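>>> sequence-free structure coming up:
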């Protein structure tokens, strides 16, 4: 098959791309940086340099592909960009490019919360889902991962300086976490065989509370305490870091939604979600190794 993917050699792509290439597929990787060309071609893939904000470029790149893999990317919230508006614009670009290129199979990296108006910033992923679902005679498979383990790296500095994890979410509330390795397994399967019609697959690696995370850290030699902070403090800090005010408030709403996990994960638990193999204890070992290296 002729396959085109967005996301360059990012955290998910780098796990499934070698498998697709080894299977003999003709793979093209879109990257925004010419610096990535050599690495992409070293894998055995082709490269296409351009922006996901350029619908004409995307249309040309998509043309002739049997399947394309899409994601909302290139948004740095600390740059002050309005993430909500960016998601709207990218959704329209992707719809236009798929429609005008004649692609018939799409795999779209979305997120948990894409179907929940109360999920704050995560609900922005519904724009791409809705836009792609509106296309007739196009098979679209949405991947909805949960919170990335890598988000926990944001705790690194406070652990080192204050031996404390700060979060607006209670320590005893269970949330789901995911590794890009497990997302890549699902992406590979869906790219290799995109189901007919419109479909959704949630991806989870493990379920854990804040207290579980503390325990996993302690087992790897990192002692810490957990301190719940007011959501208002989270918003204030985000704005200081350069976040657009609307973006910061939507992140705050995501945290509020997280305090009601039964509602937050209702649609996920109602499906046959993919439960991956990378558990919290596995990530804790990776986290601890980096923590100790950087001390």
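Okay, I see it. The model shown is predicted, which means the values in this text are computed figures rather than measured ones.

>>> the strands in the stretch 151-295 of the chain, which residues?
Secondary structure of the stretch 151-295 of the chain (DSSP state E, counting those that start in this stretch): strands at 164-167, 175-178, 198-204, 206-208, 225-228, 274-275.

>>> Now do the same contact list for residue 249.
Residues near residue 249 by Cβ atoms under 8 Å, 6 or more residues apart in numbering: residue 235. Yep, even glycine has a C-beta here, placed from its N, CA and C like the rest.

>>> What does the pLDDT read for it?
Per-residue pLDDT puts residue 249 at 95.

>>> same check, this time on the one 5 residues further on
Note for residue 254: predicted pLDDT of 96.

>>> Quickly note the distance from residue 88 to residue 260.
27 Å (Cβ to Cβ, to the nearest Å).

>>> and what of residue 15?
32 Å.

>>> Looking at these two, which is more packed in?
The neighbour count for residue 15 versus residue 260, taken as other Cβ atoms under 10 Å, is higher for residue 15 (18 against 12).

>>> returning to that earlier point: for the strands of the stretch 151-295 of the chain, which one sits closest to residue 35?
For residue 35, the closest of those is strand 175-178, at 28.2 Å, according to Cβ to Cβ.

>>> just checking, what packs against the least confident helix or strand in the chain by mean pLDDT?
Across the helices and strands of the chain, mean pLDDT, DSSP states H and E gives its lowest value to helix 231-240, namely a mean of 92. Counting contacts by 3 or more Cβ pairs under 8 Å, 6 or more residues apart in numbering; DSSP states H and E, helix 231-240 packs against helix 245-258.

>>> relative to helix 245-258, how tilted is the least confident helix or strand of the chain?
150 degrees (axes from the mean of the first three to the mean of the last three Cα atoms, to 10 degrees).
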